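Peer 1: model the following, please.
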Amino acid sequence: MIRTDDHAAPWRTLWLIPVSVFAVLTIVATGGGGDDGGGSIDDIDPGPVNLLPTYNFFLTNLSDDNLLTVQRPGGAIGVAFTVSIDIDGLLANTVDISVNAGNEVTFLSYVARATSRFDLIVASGAVNPLEGTIAVTLTEDLVFSAFGEPPTSGAFNVRIPTEAINVTVVTGGVQLSLNGGEAVSYTWEEFGDLFDDDTQEVWLRRASLAGGSIEFLYEYFFNVADILDELEIVTLSNPLVESCDMFTGSPPDGVLAQGELTVTWTGSGELSDGDDFSWEFNQCWLDEPNSNIDDLLDGTVFLENYTETVDFDTNTLFEIGFGGLSGQPGGVMFDLSVSETIEDNGVFMINDSANISGGFTMIIQSP
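Peer 2: Next up, the predicted model:
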């Protein structure tokens, strides 16, 4: 699967968000997996599965509540801190896709549905006015008309016991109001910059953090969704090793000039329900075109308890993902370090970094 836009994230604040952590892989939809009882697998290869133009997708916490967490050692706000995302029940969404003659999938747009909610748990090793639990609830559908761009409409609410912040998407940015007060307007860039600016009022920084966390969560879902249709190829070339981008100048101290990505499948035979995969990044640098800020990845992403259901009467994909929606084990688990690199006259340096741990379950389903 691919996306229609590879621009840098417009809400990039706390989170160091790779445009696509799996961008080095070439992806061609293949199909495979289990049977939903609507038919049987016979000796005739039905060919690539049929895909619908719209799918629902759902995100939940891992069964052991190992929450998706970002730990940042410092940065502009001056103290080390962590932010964990605790999903309340499940986040429900839809995504529109197109499929070409080669069965290659392109993500077109998506909607994060109203009433979905998660809590942000902020902790640090020093006095931090943002510390505590922040509840984020989508009060209107957030409509993302294009990937790599902010939403074109929608609203969400950000709450702590003493305040309620309303964030409403408007043309070119957002309007924010505190406890029903007068709304103030910000462009998307201004909104993203609020979090790291400790001269701003704390409620404004909380709103910015919530916006960044929404983007972070969905960015990492789509990073994994990008490679779902690569898995069949991985089983044929196990392990699959790909070179990452090569530094165009002198790499940061102690960093390889060209790292690599290794994809390992722990199953055997054919791709089946319950299979596990690991994506190991060894100093994998992703060169973002037209930007002097790029991403360096080191660590592993574990994809456990693969599930895929095909209606073999119509050869149509019904469900695909990792883990389950009712507390089943498995899901997407991160043990990943993400660093930003910047270039100065051909010499690259690490500018900022974050560690990502925990994860989520994800299921894509026919509507």
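
Peer 1: contacts for stretch 252-270, please.
Peer 2: Identification of contacts with stretch 252-270 by C-beta atoms under 8 Å, 6 or more residues apart in numbering yields 22, 24-25, 32, 230-231, 234-235, 238-247, 251, 271, 274-285, 296, 298, 341, 348-350. (Each C-beta comes from the backbone N, C-alpha and C, glycine too.)

Peer 1: can you pull out the helices in the stretch 101-250 of the chain?
Peer 2: When secondary structure is read from DSSP state H, counting those that start in this stretch, the stretch 101-250 of the chain shows helices at 188-193, 202-225, 231-236.

Peer 1: check contacts around the most centrally placed residue in the chain.
Peer 2: Centroid check for the chain by C-alpha atoms, centre = their mean gives Y220 as the closest residue, at 1.1 Å. For Y220, the contacting residues are V21, L68, V332, F334, I356, taking C-beta under 8 Å, 6+ apart as the criterion.

Peer 1: so who does the third one touch?
Peer 2: In this structure, V332 makes contact with Y220, V224, V301, F302, L303, E304, F322, G323, G359, F360, T361, M362, judged by C-beta under 8 Å, 6+ apart.

Peer 1: name the nearest residue to the second one, ignoring sequence neighbours.
Peer 2: Across the structure, with C-beta to C-beta, 6 or more residues apart in numbering as the measure, the residue nearest V224 apart from its sequence neighbours is V332 (5.3 Å).

Peer 1: and that neighbour, bridged to which residues?
Peer 2: Note on V332: beta-bridge partners L303, F360, judged by DSSP bridges.

Peer 1: look up how far V338 lies from it.
Peer 2: The spacing between V332 and V338, counted by C-beta to C-beta, to the nearest Å, is 15 Å.

Peer 1: T264 too?
Peer 2: From T264 over to V338 (counting by C-beta to C-beta), the distance is 21 Å.

Peer 1: and these two? Which one has more around it.
Peer 2: The residue with more neighbours, out of T264 and V338, is V338; 22 against 15, by other C-beta atoms under 10 Å.

Peer 1: and which of the contacts of Y220 is nearest N50?
Peer 2: When the contacts of Y220 are compared for distance to N50, the smallest value, 25.6 Å, is given by V332; criterion: C-beta to C-beta.

Peer 1: which residues does M246 bridge with?
Peer 2: For M246, the residues forming beta bridges with it (DSSP bridges) are Q258.

Peer 1: distance of it relative to N282?
Peer 2: As judged by C-beta to C-beta, M246 and N282 stand 14 Å apart.

Peer 1: next up, the contacts around the closest residue to N61 other than its chain neighbours.
Peer 2: The shortest distance from N61 to any residue other than its chain neighbours is 5.0 Å, reached at I87 (C-beta to C-beta, 6+ apart). Contact criterion C-beta under 8 Å, 6+ apart gives L59, T60, N61, R117, F118, F360 as the residues in contact with I87.

Peer 1: farthest-apart pair in those residues, please.
Peer 2: R117 and F360 (14.4 Å).

Peer 1: the more surrounded of these two?
Peer 2: Between R117 and F360, counted using other C-beta under 10 Å, the more crowded position is F360 (26 against 18).

Peer 1: how close does that one get to L90?
Peer 2: 10 Å.

Peer 1: identify the bridge partners of I293.
Peer 2: When bridges are assigned using DSSP bridges, the partners listed for I293 are I342.

Peer 1: the one 5 residues further on too?
Peer 2: For D298, the beta-bridge partners under DSSP bridges are S337.

Peer 1: likewise for V158?
Peer 2: Beta bridges link V158 to V136, I165 when assigned by DSSP bridges.

Peer 1: how much space separates it from R72?
Peer 2: If you measure V158 against R72 using C-beta to C-beta, the figure is 20 Å.

Peer 1: could you check which of the two has the larger neighbour count?
Peer 2: Between V158 and R72, counting by other C-beta under 10 Å, V158 is the more crowded of the two (24 against 20).

Peer 1: in stretch 128-144, what counts as buried?
Peer 2: When neighbours are counted by 16 or more other C-beta atoms under 10 Å, the buried residues of stretch 128-144 are found to be N128, L130, I134, A135, V136, T137, L138, E140, D141, L142, F144.

Peer 1: which residue packs closest to the second one, ignoring adjacent ones?
Peer 2: Put plainly, it is L130. Excluding its sequence neighbours, the residue lying closest to L130 (C-beta to C-beta, 6+ apart) is V122, at 5.1 Å.

Peer 1: near that neighbour, how many other residues are there?
Peer 2: As a burial measure, the neighbour count of V122 was computed by other C-beta under 10 Å and equals 19.

Peer 1: ok now do it, which residues does it touch?
Peer 2: With contact set as C-beta under 8 Å, 6+ apart, V122 has these partners: F81, T82, V83, N128, L130, E131, G132, T133, I134, L209.
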